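J.: next comes the sequence, and after it the predicted model I'd like to discuss.
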Amino acid sequence: MVVDDEKSIVELIKFNLEREGFEVLTAYDGNEALAVARQEKPELIILDVMLPGIDGIKVCRSLSRDTSTRPIPIIMLSARTEEPDKVLGLEMGADDYITKPFSPRELIARVKARIRRSLSMQEELENNNEKLVIGNVVIDFDSFEVTVNGEKVDLTPKEFDLLRFLAEKPGKVLSREFLLEKIWGYDFVGDSRTVDVHIRHIRQKLERAPGSPNFIKTVRGVGYRFQEESR
């Protein structure tokens, strides 16, 4: 699905995607984007930041928190080139961020890479056990739900993927760069601080005392390690 209030940009992207064999849905404002996404459940969304009504950041955040549908990869598209804007979009659950003006060829390559990655992650989850239980943390692959002491914790798709990846390798130290590649992909435009931001959000939702985490430990100068909650 392509979402932008500039019809010329929508038509440009739509033309290039259809030429590559994709079926393309369109929307021109935030409210329409949410309605179409929830009804049609597209494989991927190209989402402009500046939209009338509900802006793209809020649309992204809303879809990322929507547990009624499977996670949908989102590529943010914006004329804003400042780093804080990119970081904000990624914090809200976007998978990638491309600035205008953009190369249609590069955008198509990003779309294909994101869809491949989404399918690969989905297959990996389906091949794993239905649930992963470590200590009092339960990660349910089928429902994309996480519970701590029996209470549900709402995570965004990227937070879920990051927690799952760490929890599957308890005790092993994983570098920020490794996590960035595994969760976001080698062609991701962000940097390792994206991992730090998501870890901080997971701790705030998972830990009794986020400042003194029990589950996700920081290994200074390297990355993170998941361990069972200390008793």
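T.: Done, it's in. Numbers count the residues shown, from 1 in each chain.

J.: return the distance of the longest helix seen in the chain from the chain's centre.
T.: Longest helix in the chain by number of residues (criterion: DSSP state H): helix 104-127. Centroid displacement of helix 104-127 relative to its chain, using C-alpha atoms, centre = their mean, to the nearest Å, is 12 Å.

J.: tell me the first helix or strand C-terminal of the lowest-mean-pLDDT helix or strand in the chain.
T.: The helix or strand of the chain with the poorest confidence is helix 83-91; it has a mean of 66 (mean pLDDT, DSSP states H and E). Next helix or strand after helix 83-91 toward the C-terminus (DSSP states H and E): strand 96-99.

J.: average pLDDT for that next one?
T.: When pLDDT is averaged along strand 96-99, the result is 86.

J.: now the helices for this structure?
T.: 7-19, 30-40, 56-64, 83-91, 104-127, 157-167, 176-179, 193-206.

J.: among these, which is nearest residue 73?
T.: helix 104-127 (4.5 Å; C-beta to C-beta). Just so you know, the C-beta spots here come from the backbone N, C-alpha and C atoms, and that holds for glycine as well.

J.: report the inter-axis angle for the longest helix of the chain versus helix 7-19.
T.: Helix 104-127 runs at 60 degrees relative to helix 7-19, counting by axes from the mean of the first three to the mean of the last three C-alpha atoms, to 10 degrees.

J.: packing partners of helix 104-127?
T.: helix 7-19, strand 74-78, strand 96-99 (3 or more C-beta pairs under 8 Å, 6 or more residues apart in numbering; DSSP states H and E).

J.: rebuild the helices of the chain as TSV, extending it with mean neighbour count and distance to residue 213.
T.: Compiled in TSV, those are given as follows (neighbours: other C-beta atoms under 10 Å; distance: least, C-beta to C-beta, whole Å):
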stretch	mean neighbour count	distance to residue 213
helix 7-19	15	41
helix 30-40	17	34
helix 56-64	22	23
helix 83-91	18	19
helix 104-127	15	25
helix 157-167	22	12
helix 176-179	17	16
helix 193-206	18	5
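
J.: by mean pLDDT, show me the worst of those.
T.: Minimum mean pLDDT among the helices of the chain: helix 83-91, a mean of 66.

J.: returning to what we had before: neighbouring contacts of the longest helix of the chain?
T.: Helix 104-127 is contacted by residues 12-13, 16-17, 20, 22, 43-44, 46, 70-71, 73, 75, 95-96, 98, 141, 161, 164, 185, 187 when judged by C-beta atoms under 8 Å, 6 or more residues apart in numbering.

J.: just tell me which of the helices and strands packed on helix 104-127 ends up closest to residue 154.
T.: Per C-beta to C-beta, nearest to residue 154 of the helices and strands packed on helix 104-127: strand 74-78, 17.6 Å.

J.: what pairs with that closest one, parallel or antiparallel?
T.: Looking at strand 74-78 with DSSP bridges, its partner strands are strand 45-48 (parallel), strand 96-99 (parallel).
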